[in-house]
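S.K.: turn this into a structure:
(one chain, ligands or ions: 1)
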Amino acid sequence: MANLEALTFALVALFSFLLWRVLYSCWVLPIRAYRKLAINGFSGPPPSFPLGNIVEMKKTAKIKSCSSSLTVSNDIHSSVFPYFAQWQKSYGKVFMYWLGTEPFLYIADPEFLKKISSGVMGKSWGKPNVFKYDRKPMFGDGLVMVEGDDWVRHRHVITPAFSPSNLKAMSSMMVETTRSMLDRWTNLINSGKSEIEIEHEIVSTAGEIIAKTSFGMNIKSGKTVFKKLRTMQETLFKSSRYVGVPFGKYMCLGQNLEAERLGKEIDALLLSIIMERKRSMAENGGGQEQQNLLGVLLAEKHVDGQKGRKLSMSELVDECKTFFFGGHETTALAITWSLLLLAVHPMWQHELREEIKQVIGDDDIDATTVARLKKMGWVMNEVLRLYPTAPNVQRQVRGDIRVDQDSVIPDGTNIWIDVVAMHHDHEFWGEDVNQFNPERFKEDLHGGCQNKMGYLPFGFGGRMCVGRNLSAMEYKIVMSLILTRFSFSLSPNYTHDPSVMLSLRPMQGLPLIMRPL
Ligand code: HEM
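M.R.: As a prediction, this is how the structure comes out:
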């Protein structure tokens, strides 16, 4: 009898403890955070428990509109992030909103961003814990997700992989892979099919490029990883989710388990590729193998002769996934959006072709020659301004950040930086903000933006994109090859529907009418 009483007591105590833990983290902590933020002067749309502002976000997102090819408007903020555009009208460019019980500080004010970020080092920023579960199968603990001293160590190992000599070594592979895509287009046109679905073509070619240049993978393995990553991305980010809602991950259990399964399969494939490369490096004594990203990550010594700091096997797998995803999609979409804008502005197609003729002439298209294409650089910058393929940047505050005398951003607050809003803000860019005008980058790396923090296609501070030089080279090589072989115009079947699925993409593809030159 006494034993039964003791057991009942223990069970009641355990249940009460668990209930308290759940209430504490789902109710007490968020209320405390809410009060702290209010005291510091941050307000926003009133949240409800336990969904925060998610219902309103989903409702507003449903009314978004797409337009036919006759009207390609670059004024995209209110269709890409309709809820933020609406809240901005009531609360300004800095406000609080809630994903479930997680507070987010929304920032679309470059001056405010400058103020709060100037004293924070790259390693001191956190990445929102609330997204980590979601993004784990995609990026693991790769450079995009790690924090603190681990981030410093990863960044140190990875940076040399993007040295100019390594980039140069990749350029011939890029030319070869792009040429085979263009040959395929020529065959399609010769067989009477002049309308080509460009987004799909470019994204898969960029996937092939990163597979070959980064990992020396054969096409078959590259395509397998690429297909699984794409399925995982659609599983995780295409449909509605309940990020930040207590027990939200159980509401989408099927999706999450599927993503986890795909993540494990990709890990296994990448691990076998890494092991194979390690074996071949041991047999051949390194040398040539350093010429791709994986070779550099595995090398005992970096190109500058310094002893490399090593990553563990699981860290290597995560970095490979990060490169694979980060390395192809953003660049491919930058090229895709460029082809859309050049289709709508044939004058710029002509300008770029003339530049290629004058600057490269009969020389080979490679890393050195494309680096001289200045106008193409302006076009890339302008495209990434109007259609930033990484449309937002997220942080989590580790330790209070003082804003001014009266206000701090409390430890643990998540930050959502709306890059699309800042790139389309007429206050900083002027009245022609939504016009495609590459010349605004002629004299100024920031395109004449009134505030340097108002142009952030590759992020900011110490955590700025590590692959930006690689992506500029790939962009120029692929664009030069396309422009010298084809002219193009927009298909009447195009529907302008820029949407975010992690990256900013034309959700209904990009059909173009291609004509050989
Ligand atoms: C047009 C092409 C690209 C765009 C627009 C882009 C954009 C960005 C942005 C905005 C960030 C900052 C994220 C943050 O602060 O949270 C970032 C970081 C990063 N990017 Fe890119 N990226 C591009 C190409 C690439 C390529 C080609 C690679 C690799 C092969 C790459 C790898 C990375 C990595 C590893 C980070 C994390 C850096 C860190 O946190 O230290 N990116 N990128």
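S.K.: give me every residue that touches the residue in the chain that the ligand sits nearest to.
M.R.: Residue nearest to the ligand within the chain (Cβ to the nearest ligand atom): Gly467, separated by 2.2 Å. C-beta here means a position set from N, CA and C on the backbone, and glycine is covered the same way. Taking Cβ atoms under 8 Å, 6 or more residues apart in numbering, we find Gly467 in contact with 162, 323, 326-327.
S.K.: filter those down to the ones close to the ligand.
M.R.: By Cβ under 6 Å from any ligand atom, the members of the contacts of Gly467 lying near the ligand are 323, 326-327.
S.K.: among those, name the ones in strands.
M.R.: With DSSP state E as the criterion, strands contain none of these.
S.K.: of those, which is the most crowded?
M.R.: Ranked by neighbour count (other Cβ atoms under 10 Å), the ones next to the ligand among the contacts of Gly467 have Phe323 at the top, with 25 neighbours.
S.K.: so what's the nearest residue to that one once chain neighbours are set aside up against?
M.R.: Once flanking residues are discounted, Phe323 sits nearest to Ser214: 5.2 Å by Cβ to Cβ, 6 or more residues apart in numbering. Going by Cβ under 8 Å, 6+ apart, Ser214 touches 292-294, 320, 323-324, 327.
S.K.: can you say which of the residues you listed are buried?
M.R.: Buried by 16 or more other Cβ atoms under 10 Å: 292-294, 320, 323-324, 327, out of the contacts of Ser214.
S.K.: make TSV out of these and add pLDDT.
M.R.: Output for the buried ones among the contacts of Ser214, formatted as TSV (pLDDT from 0 to 100):
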residue	pLDDT
Asn292	74
Leu293	79
Leu294	83
Cys320	88
Phe323	87
Phe324	84
Gly327	81
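S.K.: determine which two of the residues you listed are furthest apart.
M.R.: For the buried ones among the contacts of Ser214, the farthest-apart pair by Cβ to Cβ is Asn292 and Phe324; their separation is 12.6 Å.
S.K.: now do the shared contacts for these two.
M.R.: Common contacts of Asn292 and Phe324, defined by Cβ under 8 Å, 6+ apart, comprise 214-215.
S.K.: so who does the most centrally placed residue in the chain touch?
M.R.: Nearest to the mean C-alpha position of the chain, by Cα atoms, centre = their mean, lies Ala390 at 4.1 Å. By Cβ under 8 Å, 6+ apart, the contact list for Ala390 reads 330, 419, 457-459, 465, 503-504.
S.K.: Trp87 reaches Val94, doesn't it?
M.R.: No. Assessed by Cβ atoms under 8 Å, Trp87 is found out of contact with Val94, at 10.8 Å.
S.K.: joint contacts of those two?
M.R.: Residues touching both Trp87 and Val94 by Cβ under 8 Å, 6+ apart: Tyr106.
S.K.: and the helices in the stretch 1-150 of the chain, which stretches?
M.R.: In the stretch 1-150 of the chain, the helices defined using DSSP state H, counting those that start in this stretch lie at 2-23, 29-39, 54-62, 77-80, 82-91, 110-117, 129-139, 148-158.
S.K.: quick check: mean pLDDT across the second one?
M.R.: So that's helix 29-39. For helix 29-39, the mean per-residue pLDDT is 85.
S.K.: same deal with the fourth one?
M.R.: When pLDDT is averaged along helix 77-80, the result is 95.
S.K.: run through who's touching that helix.
M.R.: With Cβ under 8 Å, 6+ apart, helix 77-80 has contacts from 64-66, 84-86, 391, 418, 420-421, 424, 498-500, 504.
S.K.: show me these that map onto strands.
M.R.: If you go by DSSP E, these have 418, 498-500, 504 in strands.
S.K.: let me know the closest of those residues to Ala343.
M.R.: Nearest to Ala343 among those, counting by Cβ to Cβ, is Pro498 at 15.0 Å.
S.K.: just give the nearest non-adjacent residue to that closest one, would you?
M.R.: Nearest non-adjacent residue to Pro498, counting by Cβ to Cβ, 6+ apart: Ile76, 5.0 Å away.
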